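Novice: Give me a 3D structure for the following:
(2 chains)
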Amino acid sequence: MSRHRLHIAIMVHSQIIYEGLHTVLSQSEIDCIICKVDSLDDLADILHSKKVDLLIINPLLLVNREKEARKIRKNHPGLSIVGINLSIVDNHSLALLDSSFTIFDTVEQVLSKLQRIGIDSELKAPSNDDNLTDRELDVLTQLVHGYSNKEIADSLNISIHTVVTHRKNITSKTGIRSQSGLTIYAISKRIISIEDIDLQNH
Amino acid sequence: MFDLIEENPLLLLMMQHFDIDFRVGDLTMSQLCKEKGINEKLFTSIANLYNGFKPKENPIDSVDDVKQIVRFLKNSHDYYRNDKYPQISTYIKQLQENHPEKELKLLEKFFNEYFAEVIDHLYYEDTVAFPYFIELISHKPNNKNNLYSAKEYSEHHTDIELKIKDIKNLLLKYVIINDDLNLRRKLLFSLFELEYDLYIHSLIEETILIPFGYNMERV
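Specialist: You can find the predicted model right below:
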């Protein structure tokens, strides 16, 4: 398989089920590394130092731990959580899962669900891409030349509201908020040339 | 106190803002506060801010506490004005001299303009905002129609941290500079230190001083 290796954590108390999952996963064509975790705290510790793509968990272990689970999700958006249902699960816990299977599913059913998540997790992995869209580049260029939102809106034939949205997106993609900062960004990225700015300053 | 400093050396900065000497000997925090005439609750709240915890309740108990906080904030202004910003400015200037790229010239310009803004803001706080709070505690109810208020202060109180973040982001993500790692590291460390202290500074204003002002105005 050409996809990147999946790091999978399994959190179930039953040794039999853990061993079973381990065997099924190891013998499958999913390229993965598996580790066992005993608690959400344990998982959080591991996440500090390592990337985990997928957590397979008995949803009963999430009962009354929703807050911790949500925190982990928030801090690690690349992590997918799949439940292995041994019994009926309440909606609160289900809401925390991306997907689930039961111990009565066939090996094929389980694997196909996990593979689908594997692809998702690749897509969900945070990209450090500050690639701006063409429209955002237009707005940025005008912005660093000192045009106001109104002027930009008029020249690009869009509403001021849209200009503001583009500006917000530019800031969230680049991490740069001020106009001077964006100017330096635009030059470093060769979006505009330094001469343009020199003309401005004179 | 020694153990606390060892755990978080940034507390030294806090002590300096409180006008406390670094040679703490074997004094406990409580003994130190008593010796310096600082409300221990206030001291703990601010130390906790430096350790990452926001105060649950407003630690201001008395008129002296407000004076103490204002003195603390003024001292941190001195630290920004006379120590941290000039230091960063020197590093950026040096960097600009070492590398011909025009971006760095712009970065220097950006920083200098920003520095001037900060100086203005600090001056405003020193001469308008802080005296107002001191006034508020000394004779509270008689001038209801005061031109100034804690609300105005909180609105005027701009986030001067944001541009520091921009400079940090530019240096860590975008502007291409070859080598010169020592200088760049020193610059980045300074930026992080400044950002951290500015963050705490604004927390003290937002979670302690401004809520206190609101309460007093309501009296």
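Novice: Other residues contacting stretch B:68-79?
Specialist: B:13, B:16-19, B:38-39, B:42, B:46, B:60, B:122, B:125-126, B:130, B:133-134, B:197, B:201, B:204-205, B:208-209 (C-beta atoms under 8 Å, 6 or more residues apart in numbering or on different chains). C-beta: built from backbone N, CA, C; applies to glycine.
Novice: Excluding chain neighbours, what is closest to the residue in chain A that chain B sits nearest to?
Specialist: Chain A approaches chain B most closely through A:G181 (3.5 Å), counting by C-beta to the nearest C-beta. Distances taken as C-beta to C-beta, 6 or more residues apart in numbering or on different chains place B:D166 nearest to A:G181, at 3.5 Å, with adjacent residues excluded.
Novice: which SSE is that neighbour in?
Specialist: helix B:161-169 (DSSP states H and E).
Novice: where do the strands sit along chain A?
Specialist: Along chain A, counting by DSSP state E, strands occupy A:6-11, A:32-36, A:54-57, A:80-85, A:99-102.
Novice: isn't B:Q94 right next to B:L183, touching?
Specialist: Yes - taking contacts as C-beta atoms under 8 Å, B:Q94 lies within contact range of B:L183: 6.0 Å.
Novice: measure the residue of chain B most remote from its centre to A:D41 for me?
Specialist: Here chain B reaches farthest from its C-alpha mean at B:P100, the gap being 33.5 Å by C-alpha atoms, centre = their mean. Going from B:P100 to A:D41 by C-beta to C-beta, to the nearest Å gives 52 Å.
Novice: mind showing which ranges of the chain have poor pLDDT?
Specialist: No chain was given, so I picked chain A. A:1-4, A:118-129, A:195-202 (pLDDT under 70).
Novice: sorry, should have said chain B
Specialist: In chain B (pLDDT under 70), the answer is B:139-148, B:155-159, B:219.
Novice: hang on, the earlier thing: which of the three states applies to the residue farthest from the centre of chain B?
Specialist: What DSSP: H, G, I helix; E, B strand; the rest coil gives for B:P100 is coil.
Novice: And it, how close does it get to B:Q94?
Specialist: Distance from B:P100 to B:Q94, by C-beta to C-beta: 14 Å.
Novice: What residues does B:L170 make contact with?
Specialist: Taking C-beta under 8 Å, 6+ apart as the test, what B:L170 contacts is A:I176, A:G181, A:I184, A:Y185, A:S188, B:L107.
Novice: let's see 7 Å
Specialist: A:I176, A:G181, A:I184, A:Y185, B:L107 (C-beta atoms under 7 Å, 6 or more residues apart in numbering or on different chains).
Novice: For ChimeraX, write a command that selects the buried ones of the residues you listed.
Specialist: Selecting the buried subset of those in ChimeraX, with 16 or more other C-beta atoms under 10 Å in any protein chain shown as the burial test, is done by:
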select /A:176,181,184,185 /B:107
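Novice: Close to chain B: what parts of chain A are there?
Specialist: Contact residues, chain A versus chain B (C-beta under 7 Å from any C-beta of the partner chain): A:175-178, A:180-181, A:183-185, A:187-189, A:194.
Novice: Enumerate the residues of chain B near chain A.
Specialist: Residues of chain B lying near chain A (C-beta under 7 Å from any C-beta): B:102-103, B:106-107, B:110, B:113, B:162-163, B:166, B:169-170, B:173-176.
Novice: switch to 10 Å and redo it
Specialist: B:101-107, B:109-111, B:113-114, B:159, B:162-163, B:165-177 (C-beta under 10 Å from any C-beta of the partner chain).
Novice: Of those, grab the buried ones for ChimeraX.
Specialist: A single ChimeraX command is used to select the members of those judged buried by 16+ other C-beta under 10 Å:
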select /B:101,102,103,104,106,107,109,110,111,114,163,165,166,167,168,169,170,171,174,175,177
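Novice: Break chain B down into its structural domains.
Specialist: B:2-50, B:63-218 (automatic domain parsing).
Novice: Out of those domains, flag the one nearest A:I8.
Specialist: domain B:63-218 (31.7 Å; C-beta to C-beta).
Novice: So what's the gap between that closest one and the chain middle?
Specialist: A distance of 6 Å separates the centroid of the chain from that of domain B:63-218, by C-alpha atoms, centre = their mean, to the nearest Å.
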